[in-house]
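Enquirer: predicted model, plus sequence, below.
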Amino acid sequence: MRILSVHNRYQIRGGEDESRQAEENLLREKGHTVEVYEEHNDRIAQMSSLNVASRTIWSRESHDIVKQRLRKETHDIIHVQNFFPLISPSIYYAAKSEGVPVVQTLRNYRLLCPNALFFRDGQVCEDCLGKFLPIPGIVHSCYRENRAATTAVASMITAHRALGTWMKMVDVYIALTEFARQKFISAGFPSEKIVVKPNFIHPDPGVGTGNGGYALFVGRLSVEKGLDTLLTAWEKLGGKIPLKIVGDGPLADKVKQAVTELPRVEWLGRKPMSEVHYLMGEAKFLIFPSKWYETFGRVAVEAFAKGTPVIAANIGAIAEVVDSGRTGLHFQPGDAKDLASKVEWALTNPQKIAQMRQEARKEFETKYTAETNYLRLMEIYQKVKSKK
């Protein structure tokens, strides 16, 4: 099978980039031909704001590139991972004009919400959910705190709603969890076109010992990831267990300050994936304090692969991924006191945590291996091809 994978890369590599790369590599390992059309957000610095805005709505360049690629070689599928902001939905039309089915992975909520997070002013916001024109997002400058930029994103969403792009030009959408699938259905997307296929971890990093004696956070240092909740909880815990923080982001200065003020908190910055996996395997548990509707929670599944349970906020897709009492624990999102109490429970129930380690690894082996994911992806591709 020949697949054209389309992706707009972020300036800071994150879970979406990792998952997309893993999927392409797996397909190649299985003998498929995967070609890539890619844009990088570093290019934005060389463009005018007007040019970026117009490309966000309709990129003639991307349309023509994809059309030429599809004409040059026969492709079975075009799989779009992320088209925002430089590639645009114009590529769907290029694919349709050449008779190539389109699969779109829903790695965030961009088609429903200008900032793609359903998150504003430190809390969940669904003001734009289901609205033909996402005016609240414009009013509140939700994308990059810039009203003009938000207007461009809102225009893209609305223009393609009006054109019927989301309904007619995509053959199958892949949601990463049932929670995310239901959000798109509630916004009016056809349920029969949205299937669920989670991300996966490959190669298998192997089980850790859990003997490191510390808790671990891995992720972007930002408000929606719940850094304030995490640090406040550790203040309440008073150094009962060390906390290692891996990652970088806009709240880096706040984390630096916390390291100087809170006992047994260590910031390690960004680390290569091999080191991250080692740290996960040795941790007693991973903390996942997000405040927004995560579409998946790759970090949690990486922890499962290492046999490490996850203490997660009971919100969005991560609440679906972590089975409280079996593969980890839930706490109320944004509630530092509740998080601290769950950590204390974990510290005083080592036998149950040991059992959770076994269950976490079993969860990975059942749902999140490359082989399981590959079979599901082929099922989706074959279904799309049969409707061509």
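Expert: Sure, I can see it. Residues are numbered from 1 along each chain as shown.

Enquirer: in the lowest-mean-pLDDT helix or strand in the chain, what's buried?
Expert: Ranked by mean pLDDT, DSSP states H and E, the helix or strand of the chain with the weakest confidence is helix 15-29, at a mean of 92. For helix 15-29, the neighbour count (16 or more other CB atoms under 10 Å) marks 15, 16, 17, 18, 19, 20, 21, 22, 23, 24, 26, 27 as buried. All C-beta spots, glycine's among them, are computed from the backbone N, C-alpha and C.

Enquirer: how about residue 266, phi and psi?
Expert: Dihedral pair for residue 266: phi -130, psi 130, per degrees, to the nearest 10.

Enquirer: next, count neighbours for the closest residue to residue 387 other than its chain neighbours.
Expert: Leaving out its chain neighbours, the residue that sits closest to residue 387 by CB to CB, 6 or more residues apart in numbering is residue 171, at 6.6 Å. By other CB atoms under 10 Å, the residues close to residue 171 number 22.

Enquirer: state the distance from residue 171 to residue 279.
Expert: 40 Å (CB to CB, to the nearest Å).

Enquirer: can you show me the strands along the stretch 51-200 of the chain?
Expert: For the stretch 51-200 of the chain, applying DSSP state E, counting those that start in this stretch gives strands covering 77-82, 102-106, 119-120, 123-124, 172-175, 194-196.

Enquirer: out of these, which is closest to residue 232?
Expert: strand 123-124 (15.6 Å; CB to CB).

Enquirer: residues contacting stretch 243-254, please?
Expert: 12, 214-223, 225, 227-228, 230-231, 234, 255, 264-271, 276, 279, 283, 287 (CB atoms under 8 Å, 6 or more residues apart in numbering).

Enquirer: which ones among those residues are found in helices?
Expert: Using DSSP state H, 227, 228, 230, 231, 234, 255, 276, 279 are the members of the contacts of stretch 243-254 that sit in helices.

Enquirer: which among those gets closest to residue 353?
Expert: Nearest member of those to residue 353, counting by CB to CB, is residue 279, at 17.2 Å.

Enquirer: how near is that closest one to residue 132?
Expert: 46 Å.

Enquirer: show me which of those two is the more surrounded one.
Expert: residue 279 (21 against 10).

Enquirer: contacting residues around the more buried one?
Expert: Counting by CB under 8 Å, 6+ apart, residue 279 has contacts 212, 216, 218, 244, 246, 268, 271.

Enquirer: swap in 10 Å and give it another go.
Expert: 208, 212, 214, 216, 218, 244, 246, 268, 271, 286, 306, 308 (CB atoms under 10 Å, 6 or more residues apart in numbering).

Enquirer: so how many other residues sit close to the second one?
Expert: Yep, that's residue 212 we're talking about. 18.

Enquirer: ok, the nearest residue to it once chain neighbours are set aside - contacts?
Expert: Spatial nearest neighbour of residue 212, excluding adjacent residues (CB to CB, 6+ apart): residue 282 at 3.2 Å. The contact partners of residue 282, taken as CB under 10 Å, 6+ apart, are 208, 209, 210, 211, 212, 213, 214, 216, 244, 306, 308.

Enquirer: where does the prediction get shaky in this structure?
Expert: Applying pLDDT under 70 to the chain picks out residues 11-12, 388.

Enquirer: mind listing residues that contact stretch 255-273?
Expert: 12-13, 18, 205, 214-218, 221, 227-228, 230-232, 234-235, 237-249, 251-252, 275-279, 302.

Enquirer: now a PyMOL select for only the buried ones of those.
Expert: If you want just the buried ones from these in PyMOL, going by 16+ other CB under 10 Å, the selection is:
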select buried, resi 18+205+215+216+217+218+221+227+228+230+231+232+234+235+237+241+242+243+244+245+246+247+248+249+251+252+276+277+278+279+302
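
Enquirer: for residue 234, see how far away residue 241 is.
Expert: 9 Å.

Enquirer: anything in contact with each of the two?
Expert: Joint contacts of residue 241 and residue 234 (CB under 10 Å, 6+ apart) are 215, 264, 343.

Enquirer: which residue packs closest to residue 149, ignoring adjacent ones?
Expert: Using CB to CB, 6+ apart, the nearest residue to residue 149 is residue 143, at 5.1 Å.

Enquirer: who touches residue 96 in this structure?
Expert: 78, 102, 168, 169, 170, 171.

Enquirer: can you pick the most crowded of these?
Expert: Ranked by neighbours (other CB under 10 Å), these are led by residue 78, which has 26 neighbours.

Enquirer: go ahead and confirm that residue touches residue 65.
Expert: No. In this structure, residue 78 is not within contact of residue 65 by CB atoms under 10 Å, at 12.0 Å.
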